[in-house]
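Colleague: need a structure here:
(one chain, ligands or ions: 2)
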Amino acid sequence: MKKISILGSTGSIGTQTLDIVAHAPELFKVVGLTAGSNVDLLIEQARQFKPAIVCLGTKELADAARLHVPPGTRVVYGEEGLIETASQADADIVVTAIVGSRGLPATLAAINAGKTIGLANKETLVTAGHIVMERAKQRGVAILPIDSEHSAIFQCLNGEKRESIKQITLTASGGSFRDRTREQLEGVSVNEALNHPNWSMGAKITIDSATMVNKGLEVIEAKWLFDVTYDQIDVIIHPESIIHSYVEFSDHSMIAQMGLPDMRVPIQYALTYPDRMATPTNRLSLVEVGKLHFREMDFVRFPLLRLAFDCGRLGGSAPAVFNAANEVAVSRFLSGEINFLDIERVVESAVSRHDVTEINDLQAIAEVDGWARRFAATV
Ligand code: NAD
Ligand code: MG
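Modeller: Residues are numbered from 1 along each chain as shown. Ligands and ions are numbered 1, 2, ... in the order given. Next comes the predicted model:
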């Protein structure tokens with residue numbers, strides 16, 4: 001029986017993780033769940049899965065939940081509660097499905113407690129990849145990717161040596177606006193941006209897909225997960241999202257991982273690794289699909305992808321600033337405060353205003369992250 005905690009259990013990844021768990025109750029036991037503010041759904045999940053501990057964003061929400069959870073479930077709240085749930089003694093694996101760099105302290109707490117990490121929360125690796133990977137290595141903790149591209153690469157690399165990798169290629173669907181020119185992006189609405197052609201995901205990552213920031217974050221995520229250089233990472237557009245990513249080896253052999261776009265497959269693989277199990281998802285028929293398409297990434301059309309590569313190469317505090325500024329810009333766009341193309345303006349000006357420094361601890365990261373957030377909120 002594998003014991004699982006899920007940070008961000010009420011979101012898109014969190015609910016799909018619970019769907020996998022519900023299909024195999026003989027294999028998995030949920031021991032911890034956390035949510036930001038969706039108290040009703042968290043209570044429902046607590047009643048169904050009976051975890052030992054649940055966490056909500058605030059004391060008020062936690063007090064409201066306490067009356068309705070099963071008798072054996074303890075309710076905690078806030079940053080401390082999140083860290084407590086993440087490092088909970090009983091869990092074997094912690095699925096990090098919180099959105100944004102606020103997931104970082106809890107992820108590190110889980111690693112310190114020796115938990116295997118099922119990593120969906122890519123912003124933590126972008127913000128502090130060197131710290132997270134170093135700590136995981138020290139503690140002998142595995143970081144298993146849930147992001148579909150990274151799960152694909154992880155599967156392609158099974159049994160391969162890192163020295164054999166020539167290039168890793170991340171595929172990108174292109175997001176909601178892939179067939180529009182830059183001129184056609186003036187004044188697009190929040191609802192249009194939230195309408196992703198292939199994937200149903202949380203709001204923030206859906207906007208990140210439209211700006212191609214998501215692929216930029218994934219480039220940095222791949223660098224840390226697979227210990228490759230930025231020159232070894234490429235991105236192409238693949239509108240069908242059937243090939244989830246592929247690796248080219250030194251002998252020019254390529255291995256790709258394929259499947260229908262359904263996040264439950266990579267989530268499940270992280271939960272069952274190194275084993276596989278039957279799944280409630282649909283099968284892929286290549287005959288039905290017929291054709292797959294690929295085209296070169298356009299770095300002029302998507303300047304924030306280029307900037308993500310630049311920040312990754314700069315290293316130090318640069319990726320943390322890129323990420324934090326983007327988090328704020330996306331939330332300002334979602335609230336109607338700025339236009340879609342302003343997301344680029346906000347992120348670019350935060351990065352160009354910032355002097356890159358070394359950052360080697362959580363305190364330094366929190367300072368840089370905080371500066372970028374304050375700057376991005378007003379520019
Ligand atoms: P979501 O918005 O659907 O869910 C986010 C979760 O985080 C919710 O449970 C929410 O309650 C919780 N949360 C939000 N603010 C919080 C706060 N202040 N304190 C505590 N908890 C808080 O997001 P999602 O789409 O599930 O994405 C989660 C992560 O997974 C992101 O890092 C995203 O990039 C990554 N990811 C998502 C997908 C996908 O298909 N949705 C695919 C790949 C990677
Ligand atoms: Mg992805």
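Colleague: OK, contacts around whatever residue of the chain ends up closest to ligand 1?
Modeller: With CB to the nearest ligand atom as the measure, residue 11 is the residue of the chain nearest to ligand 1, at 1.9 Å. Bear in mind the C-beta positions are built from the backbone N, C-alpha and C, glycine included. By CB atoms under 8 Å, 6 or more residues apart in numbering, the contact set of residue 11 is 97-99, 202.
Colleague: pretty sure residue 134 is in a helix, no?
Modeller: Yes. Membership of residue 134 in a helix is supported by DSSP: H, G, I helix; E, B strand; the rest coil.
Colleague: and the strands in the stretch 101-250 of the chain?
Modeller: With DSSP state E, counting those that start in this stretch, the ranges of strands along the stretch 101-250 of the chain come out as 116-119, 143-145, 165-172, 233-237, 243-249.
Colleague: setting aside sequence neighbours, what's the nearest residue to the residue of the stretch 51-200 of the chain found nearest ligand 2?
Modeller: With CB to the ion, the shortest gap between the stretch 51-200 of the chain and ligand 2 falls at residue 147, namely 4.2 Å. Nearest non-adjacent residue to residue 147, counting by CB to CB, 6 or more residues apart in numbering: residue 122, 5.8 Å away.
Colleague: just residue 213 next, same as before
Modeller: Sequence neighbours aside, residue 304 is the residue nearest to residue 213 in space, at 4.9 Å (criterion: CB to CB, 6+ apart).
Colleague: excluding sequence neighbours, find me the nearest residue to residue 150.
Modeller: Nearest to residue 150 is residue 225, by CB to CB, 6+ apart, at 5.7 Å.
Colleague: do I have it right that that neighbour meets residue 157?
Modeller: No. Using CB atoms under 8 Å, residue 225 is not in contact with residue 157, being 9.8 Å away.
Colleague: of those two, which one has the most company?
Modeller: residue 225 (24 against 18; other CB atoms under 10 Å).
Colleague: mind checking how far that one is from residue 153?
Modeller: According to CB to CB, to the nearest Å, residue 225 stands 8 Å off from residue 153.
Colleague: shared neighbours of the two, which are they?
Modeller: In contact with both residue 225 and residue 153: residue 145, using CB under 8 Å, 6+ apart.
Colleague: tell me the contacts of residue 100?
Modeller: By CB under 8 Å, 6+ apart, the neighbours of residue 100 are 121, 123, 204, 327.
Colleague: okay, these in JSON lines with neighbour count, distance to residue 174 and pLDDT next?
Modeller: Putting the contacts of residue 100 into JSON lines (neighbours: other CB atoms under 10 Å; distance: CB to CB, whole Å; pLDDT from 0 to 100) gives the following:
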{"residue": "121", "neighbour count": "28", "distance to residue 174": "23", "pLDDT": "98"}
{"residue": "123", "neighbour count": "29", "distance to residue 174": "21", "pLDDT": "98"}
{"residue": "204", "neighbour count": "19", "distance to residue 174": "18", "pLDDT": "97"}
{"residue": "327", "neighbour count": "24", "distance to residue 174": "22", "pLDDT": "98"}
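Colleague: of all those residues, which comes closest to residue 261?
Modeller: Nearest to residue 261, judged by CB to CB, of those is residue 204 at 18.4 Å.
Colleague: good, wrapping up.
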